[in-house]
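Novice: From the sequence below, what's the structure:
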Amino acid sequence: QVQLVESGGGLVQAGDSLRLSCAASGRTFSSYVMGWFRQNPGKEREFVAAIDWSGGRTRYADSVKDRFTISRDNAKNTVYLQMNSLKPEDTAVYYCAAEYRSWGSSRSFDFGSWGQGTQVTVSS
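Specialist: From the prediction side, this is the model:
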């Protein structure tokens with residue numbers, strides 16, 4: 001497993017941008033599928049985006065497609081989520097997740113490693 005630490009959350013206005021980062025420990029980061037999920041109180045954790053171990057494939061939830069971009073830098077053991085044109089409904093705690101070489105799932109229980117989360121609040 002890898003240990004994950006998110007950063008970059010904050011309070012922004014609708015239409016603004018934010019970039020989240022997730023730093024991973026471990027020498028095998030480049031073998032992990034990385035994902036971003038988000039969650040609000042009382043709601044299920046929701047898939048946002050995922051990127052495969054090489055960065056060659058990405059997937060997005062329909063609600064964020066064309067606004068958010070996931071990327072990774074395997075030399076820095078870091079995955080990013082660039083969020084543009086933010087909306088109030090994007091408000092949530094954002095979690096970074098990792099799973100070893102298992103591409104295709106958007107289900108939270110298919111990811112074995114999780115960060116502690118970072119709060120993103122978008123005001124209208």
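Novice: Residue 93 and residue 78: what is the separation?
Specialist: Using Cβ to Cβ, to the nearest Å, we find residue 93 at a distance of 19 Å from residue 78. Where you see a C-beta, it was placed from the backbone N, CA and C, and this is true even at glycine.
Novice: check which helix or strand covers the residue most central in space within the chain.
Specialist: Against the mean C-alpha coordinate of the chain, by Cα atoms, centre = their mean, the closest residue is residue 36 at 2.2 Å. Per DSSP states H and E: residue 36 is located in strand 32-39.
Novice: in its sheet, what does that strand sit against?
Specialist: strand 46-51 (antiparallel), strand 92-100 (antiparallel) (DSSP bridges).
Novice: which strands and helices sit next to the helix or strand following the longest one?
Specialist: What it means is strand 92-100. Using DSSP H and E, the helix or strand that follows strand 92-100 in sequence is strand 113-114. Strand 113-114 is packed against strand 92-100, with contacts defined by 3 or more Cβ pairs under 8 Å, 6 or more residues apart in numbering; DSSP states H and E.
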